[in-house]
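Visitor: what would the 3D arrangement of this be:
(one chain, ligands or ions: 1)
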Amino acid sequence: MASVPFDQLDGYIWFNGDFVKWADAKVHVLTHGLHYASAVFEGERAYGGEIFKLTEHTERLHESARILGFEIPWSVAEIDDACRELLVKQGLEDAYVRPIAWRGSEMMGVSAQKNRINLAIAIWEWPSYFDPEQRLKGIRLDMAEYCRPDPRTAPSRSKAAGLYMICTLSKHAAEAKGYTDALMLDWRGRVAEATGANVFFVKDGALHTPTPDCFLDGITRRTVIALAKRRGIEVIERAIMPEEMEGFEQCFLCGTAAEVTPVSEIGPYRFEVGEIARLLMNDYAEEVRPRQRMAAE
Ligand SMILES: Cc1ncc(COP(=O)(O)O)c(C=O)c1O
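Guide: From the prediction side, this is the model:
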């Protein structure tokens with residue numbers, strides 16, 4: 001893929017209510033969001049011209065901001081409309097959608113009571129998060145050194161920029177060792193999630209996934225649970241200790257960017273790319289394509 005930097009792509013960015021040329025959507029270096037990570041964002045995908053679960057994502061964006069102590073000055077409906085309008089303006093059908101809200105430059109200490117709340121939305125073409133060939137074989141994960149933090153030490157339920165600092169560190173460490181991603185445990189030593197996706201395991205025909213009590217309860221995660229139940233597959237949400245991975249047969253990650261991606265290896269543990277992982281990968285691919293689904297019915 002051509003390596004055009006993201007600040008040099010074509011088209012428009014929705015920026016505080018206006019569509020501005022992509023290259024002109026800039027912020028000043030003295031921005032609170034940059035210095036203190038007072039920013040929240042979403043990651044969404046459009047399929048066939050429709051943004052999958054758009055309103056759920058926008059509601060989570062509002063909720064993430066509320067948890068960080070600020071209110072986004074555009075309603076959920078207004079943000080939904082802006083996303084849809086921008087998708088058309090960008091001339092894209094299958095794309096990634098990135099809204100981000102952040103505190104501005106009016107105050108530059110830790111306190112930011114008077115700072116303007118900004119909102120921008122960017123949409124670009126973004127195919128598979130993981131290499132498609134690798135995906136079918138199952139990706140390899142290392143065990144991360146960093147843990148998902150105790151909810152008393154970080155606003156875990158918010159999709160806040162600051163929480164991704166340890167994800168980038170963990171992903172870089174895994175990549176340096178030849179892995180695709182890393183599995184993070186939580187502060188209690190339980191299995192939590194990957195650096196940008198939730199995790200599921202298969203054992204004796206049932207799905208096991210960690211209870212999301214200190215990490216993101218992904219919209220894809222909830223979709224996969226519904227799809228599995230529709231297939232009559234039992235879904236067990238519970239605390240999972242890392243040693244239990246020894247007895248799991250299959251594993252997959254899921255997230256808006258990752259979609260459903262089988263995993264072949266996590267540290268010392270091995271998994272087969274099996275029937276249930278493949279079934280849910282295909283069910284998810286169908287679920288996100290509303291027009292095709294409607295045409296098939
Ligand atoms: C850390 C993390 N966990 C889980 C997810 C999955 O969330 P969703 O399915 O809502 O995209 C994401 C992706 O946004 C993520 O970044």
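Visitor: burial of residue 167, as a residue count?
Guide: For residue 167, the neighbour count with other CB atoms under 10 Å is 19. From N, CA and C alone the C-beta is placed, and that goes for glycine too.
Visitor: in the helix or strand containing it, what counts as buried?
Guide: Assigned by DSSP states H and E, residue 167 falls within helix 165-176. Going by neighbour count (16 or more other CB atoms under 10 Å), the buried part of helix 165-176 is 166-167, 170-171, 173-174.
Visitor: and these near the ligand, which?
Guide: Near the ligand, judged by CB under 6 Å from any ligand atom, the entries from those are residue 167.
Visitor: nearest to residue 245, of the buried residues of helix 165-176?
Guide: Using CB to CB, residue 174 comes nearest to residue 245 of those, at 16.2 Å.
Visitor: that closest one contacts residue 145, correct?
Guide: No - with contact defined as CB atoms under 8 Å, residue 174 and residue 145 do not form a contacting pair (9.9 Å).
Visitor: surely residue 19 meets residue 88?
Guide: No - using CB under 8 Å, residue 19 is not in contact with residue 88, being 11.0 Å away.
Visitor: with neighbour numbers in mind, choose between the two.
Guide: Just comparing residue 19 and residue 88: by other CB under 10 Å the higher neighbour count belongs to residue 19, 17 against 11.
Visitor: who's in contact with whichever strand or helix holds residue 82?
Guide: In this structure, residue 82 sits in helix 76-89 according to DSSP H and E. Here helix 76-89 makes contact (CB atoms under 8 Å, 6 or more residues apart in numbering) with 11-14, 19, 44, 46, 49, 51, 54-55, 58-59, 61-62, 72, 74, 95, 97, 99, 119, 121, 123.
Visitor: which of those fall in strands?
Guide: Here DSSP state E is the test, and the contacts of helix 76-89 give 12-14, 19, 44, 46, 51, 95, 97, 99, 119, 121, 123 as lying in strands.
Visitor: out of the residues you listed, which are buried?
Guide: Among these, the ones that count as buried by 16+ other CB under 10 Å are 12-14, 19, 44, 46, 51, 95, 97, 99, 119, 121, 123.
Visitor: of all those residues, which comes closest to the ligand?
Guide: When those are compared for distance to the ligand (CB to the nearest ligand atom), residue 44 wins out at 7.9 Å.
Visitor: who's in contact with the nearest residue to that closest one once chain neighbours are set aside?
Guide: The shortest distance from residue 44 to any non-neighbouring residue, by CB to CB, 6 or more residues apart in numbering, is to residue 97 (3.9 Å). Contacts for residue 97 were tallied using CB under 8 Å, 6+ apart; they are 42-46, 51, 57, 83, 86-87, 121-123.
Visitor: and stretch 48-56, what's buried?
Guide: Buried residues in stretch 48-56 (16+ other CB under 10 Å): 50-54.
Visitor: same list, the buried residues of helix 165-176, but as a markdown table with pLDDT and distance to residue 3 please.
Guide: What follows is the buried residues of helix 165-176, written out as a markdown table (pLDDT from 0 to 100; distance: CB to CB, whole Å):
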| residue | pLDDT | distance to residue 3 |
| --- | --- | --- |
| 166 | 98 | 26 |
| 167 | 98 | 22 |
| 170 | 98 | 24 |
| 171 | 98 | 18 |
| 173 | 98 | 23 |
| 174 | 98 | 21 |
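Visitor: what separates the helix holding residue 82 from the chain centre, distance-wise?
Guide: Distance, stretch centre to chain centre, for helix 76-89: 19 Å (CA atoms, centre = their mean, to the nearest Å).
Visitor: just the buried residues of that helix, please?
Guide: For helix 76-89, by 16+ other CB under 10 Å, it's 76, 79-80, 82-84, 86-87.
Visitor: for those, give me JSON lines that also has pLDDT and distance to the ligand.
Guide: Rendered in JSON lines, the data for the buried residues of helix 76-89 read as follows (pLDDT from 0 to 100; distance: CB to the nearest ligand atom, whole Å):
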{"residue": "76", "pLDDT": "98", "distance to the ligand": "16"}
{"residue": "79", "pLDDT": "98", "distance to the ligand": "16"}
{"residue": "80", "pLDDT": "98", "distance to the ligand": "16"}
{"residue": "82", "pLDDT": "98", "distance to the ligand": "19"}
{"residue": "83", "pLDDT": "98", "distance to the ligand": "15"}
{"residue": "84", "pLDDT": "98", "distance to the ligand": "19"}
{"residue": "86", "pLDDT": "98", "distance to the ligand": "19"}
{"residue": "87", "pLDDT": "98", "distance to the ligand": "18"}
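Visitor: give me the low-pLDDT residue ranges for this structure?
Guide: The model of the chain has pLDDT under 70 over residues 1-2, 290-297.
Visitor: one more time with 50, if that's ok
Guide: Filtered on pLDDT under 50, the chain yields the residue ranges 1, 293.
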